[in-house]
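**Student:** What would the 3D arrangement of this be:
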Amino acid sequence: MKRSKKPLPKVNIISYGKYTRWDNTDKNLPALEFLTDKIKAEPDLEFGLIVEIRQAKGRFINYQIDHPPFRNVKGELVPPFIGEYQIRTNPAKFFLGDSILFPVDDKKGKWTFKIKIDDKILAEKEIEII
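**Tutor:** Take a look at the predicted model:
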């Protein structure tokens, strides 16, 4: 991975907790239902965080969600969720989250949300599903 010589972007966590259902094809981010870092496991529950990113227009951020060990429908352990996103505006708001699917019991535990650039963590938040 090529490292940028630009200064690191500035990232502020705006909110975290339980959100309304999110449609990733919609430009609008989900609405915060309540601010918390402990959430009761319920099916179809949307949770995560919203950050504001400055001084990053045109750059790519990497995100990662570390979660408790659970298996997919094939019985395989699900790896951490990772991805990349290009920042198109300055400032930019970004939602990093997930939803709880059946069965809910194996989703209980600590979920760690990370936003990085050039392998440097810009924001990190832990949310516990109970």
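
**Student:** looking at it, residue 124 is touching residue 112, isn't it?
**Tutor:** Yes. Using C-beta atoms under 8 Å, residue 124 is in contact with residue 112, at 6.7 Å. Yep, even glycine has a C-beta here, placed from its N, CA and C like the rest.

**Student:** buried set for stretch 92-109?
**Tutor:** When neighbours are counted by 16 or more other C-beta atoms under 10 Å, the buried residues of stretch 92-109 are found to be 92, 94-98, 100, 104, 107-108.

**Student:** nope, stretch 41-55 is what I was after
**Tutor:** Judged by neighbour count (16+ other C-beta under 10 Å), stretch 41-55 contains these buried residues: 41, 45-51, 53.

**Student:** Could you count how many residues lie near residue 6?
**Tutor:** Residue crowding around residue 6 was assessed by other C-beta atoms under 10 Å; the count is 12.

**Student:** which residues of this structure score low on pLDDT?
**Tutor:** Within the chain, the stretches falling below the threshold (pLDDT under 70) are 1-4.

**Student:** mind listing the strands in it by residue range?
**Tutor:** 10-19, 32-35, 38-39, 46-54, 60-66, 81-86, 92-99, 109-117, 120-129 (DSSP state E).

**Student:** Please identify the deepest-packed of the ones you listed.
**Tutor:** Burial among the strands of the chain, expressed as mean neighbours by mean count of other C-beta atoms under 10 Å, is greatest for strand 46-54, which shows a mean of 20.

**Student:** Report the angle between it and strand 92-99.
**Tutor:** Between the axes of strand 46-54 and strand 92-99, defined by axes from the mean of the first three to the mean of the last three C-alpha atoms, to 10 degrees, the angle is 160 degrees.

**Student:** Now do strand 46-54 against strand 60-66, angle only.
**Tutor:** Between the direction of strand 46-54 and that of strand 60-66, the angle (the same axes, to 10 degrees) works out to 150 degrees.

**Student:** which neighbours does strand 46-54 have in its sheet, and in what orientation?
**Tutor:** Based on DSSP bridges, the strands next to strand 46-54 in the sheet, each with its direction, are strand 10-19 (antiparallel), strand 92-99 (antiparallel).
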